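Enquirer: Here is the input, now give the coordinates:
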Amino acid sequence: MKPMNAVVAAALLLAAQALQAQPADAIAPNANLRADGLPPIPRSVAERVGAYSEFRGHGFADWHPTRREMLVSHRAAGANVTQLYRIDRPGAVPERLTDFPEPIREGTYDASGRHVVYTRDTGGNEASRVYRMDLAMRTSVLLSPEAARSGYDWNEARTLLLVSSVPIDRTAAGGRREELSTTLTLVDGGNPDERRRVAELPGSNWFGFRFAPDDASLVAVRYTSATQSELWRIDLKSGERTRLLPAQEGAAPAAYFHFDFSADGSRLYLATDARSEFLQLAEYRFATRELRILSADIPWNVKAAALSRDGRRLAAVFNVDGRDELRMFDPATGAASSVPAVPRGQVSRLGWHRTRLDEFAFTLNSPVSPAGVVTYDAGSKAAERWTQPYTAGIDPATFQDAEVVRWTSFDGRVISGLLTRPPARFKGPRPVVIAIHGGPEAQATVNFNGRWNYLINELGVALLEPNVRGSAGYGKTFLDLDNGVKREDSVRDIGALLDWLKTAAGLDASRVMVQGGSYGGYMVLASLVHYSDRLRGGIDMVGISDFVTFLNNTESYRRDLRRAEYGDERDPAVRAVLEKISPLANAGRIKAPLFVVHGRNDPRVPYTEAEQIVSKVRANGTPVWYLLADDEGHGFARKANADFFFYAMVAFVERYLLKD
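Expert: Numbering: from 1, shown residues only. Take a look at the predicted model:
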């Protein structure tokens, strides 16, 4: 027998000690969790939460190439992570295809329908590798380099795979390589040993590769920031690149995100804010290099679109003040129509069937339902549910919808958010959790609240999700209002929200807590720095505590992208501001209780951001709970870990928010 690794032995010893330290009626964290400073979590918390941790839904992944069946992502009863399943008809019991300890959320068929291609990382490290599974044998082969972060895209016929790979940089912070590149490799879908290198692209910020119908070229987006990108065409034989948009050097910055080629390859359907504050659905003609805007009369962002294979219909989703609207466009005339048969909710993952040309599928969730798969037939104008979300016996009618609320910030700008109030049986002003989204180029939208429904329905807590400046969905000017040295203006929006709560009917401004993940975690810490005397506590998940250490230590493939948002720490003037406003430098002002949660394998915001803020805030004598997961990355993907975190969060809320 081999001797036990010293690190493993130490971890097992700590886990055993933790178990021994737990009272008999407490929930012990599993061996992958380090609970530091948390009090024993009573087992009664898990019993009370019960069904609220058991919601399960399905996500659309891909259609079978010829049959009316599909791939979906799903976490089965008793399973720890999401896997891929096959459904051969509406309402059928899903057949599991993958069975890995790591989550598998997306997959696609090849042209034959005998293989599925998917990506998988390890422990949440986001170093994804591309695999092809033989469905008959249930065996997988690796298609991408081992020491790279990879993705893939099919050609239209599903016979060729483009694998895009960026090297993984594991060197120390001071010696990190700044000059990264993206390698494009063309792989034969039927014979993965047949492959050739297409091009080496400068930088790591290329995505959205889409083949032209003749497979002679492809288009790709080169991303700089949420409001600036470029559209390029790449010759698949020579590897030469040609910039398509912006058409002229020195043109005003704009965002370009493409969706689909027309069937004859003469046009490209894309989203751009080049002529508007919002991302508009547009058509680009290669021959004339002209843009035609299709959604000029819709003053909101298009968030997704998909063209039917015959090119006759273009389905598009618009984000209207946080709620999704599905519309159908005629590509020839630009005429649009609504899709009334589809239930209201959040729409994602649009995909037209390859042979049933009138039918497309998508994922739908709503405040009253976890995610499910729905199809729509554009010919009969009928919608059909393929899966039934599981709500663990809780009546969906008890779930609360959200309302849009608005307040005026320090500079007179109107800020909005989504407010979900508890049921009417809770009397008197209700305590509030302000949940701040990450990104920051993201948006709080109306969808299913998952475990949060326990706090709303059973504890009477109001959930308020602000879209502070810098959020997506409200125009590109608004999106850039927090960039660089303007970072704390978004924190002042939270201060204005706290002022508004004093006048808001049915809400208790004296009982408020903040919660957020990633950039939202930074916002939690910054809010505690500035408003500790007005907050009962904060829950920071995978958050940034110091911008300079974050930019130094985030994975190198992301660093320049984050500098475009937060500022370049190599500039002395910018660095001085970042150091001044970072929560770590102001940790002495955090007096309200803090709960910090992180994944050890997080490549975006390294767990050292958590370690340093925990140490500094504890020096104040402030209560700090710290939960670290050894098998997670930028968020908790494993149910066992997410469950314990939520039990602890409920205990934190009950102790510091609900008790007088």
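Enquirer: hang on, residue 392 packs against residue 51?
Expert: Yes. With contacts counted by CB atoms under 8 Å, residue 392 reaches residue 51, the gap being 3.5 Å. C-betas here are computed from N, CA, C, even on glycine.
Enquirer: Which stretches in the stretch 401-550 of the chain count as strands?
Expert: 403-408, 414-420, 430-436, 462-467, 507-517, 537-541 (DSSP state E, counting those that start in this stretch).
Enquirer: before we move on, what about the stretch 251-400 of the chain?
Expert: Under DSSP E, counting those that start in this stretch, the stretch 251-400 of the chain gives strands at 256-261, 267-272, 280-285, 290-293, 301-307, 314-320, 323-329, 336-338, 346-352, 359-366, 369-377, 382-385.
Enquirer: Arrange those strands in JSON lines, one row each, with distance to residue 224 as further columns.
Expert: Shown next, in JSON lines, are the strands of the stretch 251-400 of the chain (distance: least, CB to CB, whole Å):
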{"stretch": "strand 256-261", "distance to residue 224": "11"}
{"stretch": "strand 267-272", "distance to residue 224": "14"}
{"stretch": "strand 280-285", "distance to residue 224": "19"}
{"stretch": "strand 290-293", "distance to residue 224": "19"}
{"stretch": "strand 301-307", "distance to residue 224": "18"}
{"stretch": "strand 314-320", "distance to residue 224": "22"}
{"stretch": "strand 323-329", "distance to residue 224": "27"}
{"stretch": "strand 336-338", "distance to residue 224": "30"}
{"stretch": "strand 346-352", "distance to residue 224": "25"}
{"stretch": "strand 359-366", "distance to residue 224": "29"}
{"stretch": "strand 369-377", "distance to residue 224": "32"}
{"stretch": "strand 382-385", "distance to residue 224": "39"}
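Enquirer: Redo those strands as a markdown table? Include distance to residue 612, mean pLDDT and mean neighbour count.
Expert: Formatted as a markdown table, these follow (distance: least, CB to CB, whole Å; pLDDT from 0 to 100; neighbours: other CB atoms under 10 Å):
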| stretch | distance to residue 612 | mean pLDDT | mean neighbour count |
| --- | --- | --- | --- |
| strand 256-261 | 36 | 90 | 22 |
| strand 267-272 | 39 | 96 | 23 |
| strand 280-285 | 43 | 97 | 22 |
| strand 290-293 | 47 | 94 | 15 |
| strand 301-307 | 36 | 96 | 22 |
| strand 314-320 | 36 | 96 | 22 |
| strand 323-329 | 39 | 95 | 20 |
| strand 336-338 | 51 | 90 | 13 |
| strand 346-352 | 36 | 96 | 21 |
| strand 359-366 | 36 | 97 | 23 |
| strand 369-377 | 36 | 96 | 22 |
| strand 382-385 | 48 | 95 | 14 |
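Enquirer: Compare those and give me the one nearest residue 35.
Expert: Residue 35 sits nearest to strand 369-377 of all these, at 28.1 Å, using CB to CB.
Enquirer: what angle separates the closest one from strand 323-329?
Expert: 10 degrees (axes from the mean of the first three to the mean of the last three CA atoms, to 10 degrees).
Enquirer: Okay, angle between strand 369-377 and strand 346-352 too, please.
Expert: Per the same axes, to 10 degrees, the angle that strand 369-377 makes with strand 346-352 is 30 degrees.
Enquirer: Tell me which of the strands of the stretch 251-400 of the chain sits nearest to residue 118.
Expert: Among these, strand 346-352 comes nearest to residue 118, with 14.7 Å by CB to CB.
Enquirer: helices or strands up against the closest one?
Expert: strand 58-63, strand 301-307, strand 314-320, strand 323-329, strand 359-366 (3 or more CB pairs under 8 Å, 6 or more residues apart in numbering; DSSP states H and E).
Enquirer: Can I get those in TSV including distance to residue 218?
Expert: Shown next, in TSV, are those (distance: least, CB to CB, whole Å):
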stretch	distance to residue 218
strand 58-63	20
strand 301-307	16
strand 314-320	20
strand 323-329	24
strand 359-366	23
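Enquirer: before we move on, the earlier item: taking the strands of the stretch 401-550 of the chain together, which one is wrapped up most tightly?
Expert: A comparison of the strands of the stretch 401-550 of the chain by mean neighbour count, using mean count of other CB atoms under 10 Å, puts strand 537-541 on top with a mean of 28.
Enquirer: Sheet-wise, list the partners of that one with their directions.
Expert: strand 507-517 (parallel), strand 594-599 (parallel) (DSSP bridges).
Enquirer: Please tabulate these in CSV, including the columns mean pLDDT and distance to residue 381.
Expert: Formatted as CSV, the strands paired with strand 537-541 follow (pLDDT from 0 to 100; distance: least, CB to CB, whole Å):
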stretch, mean pLDDT, distance to residue 381
strand 507-517, 98, 39
strand 594-599, 98, 45
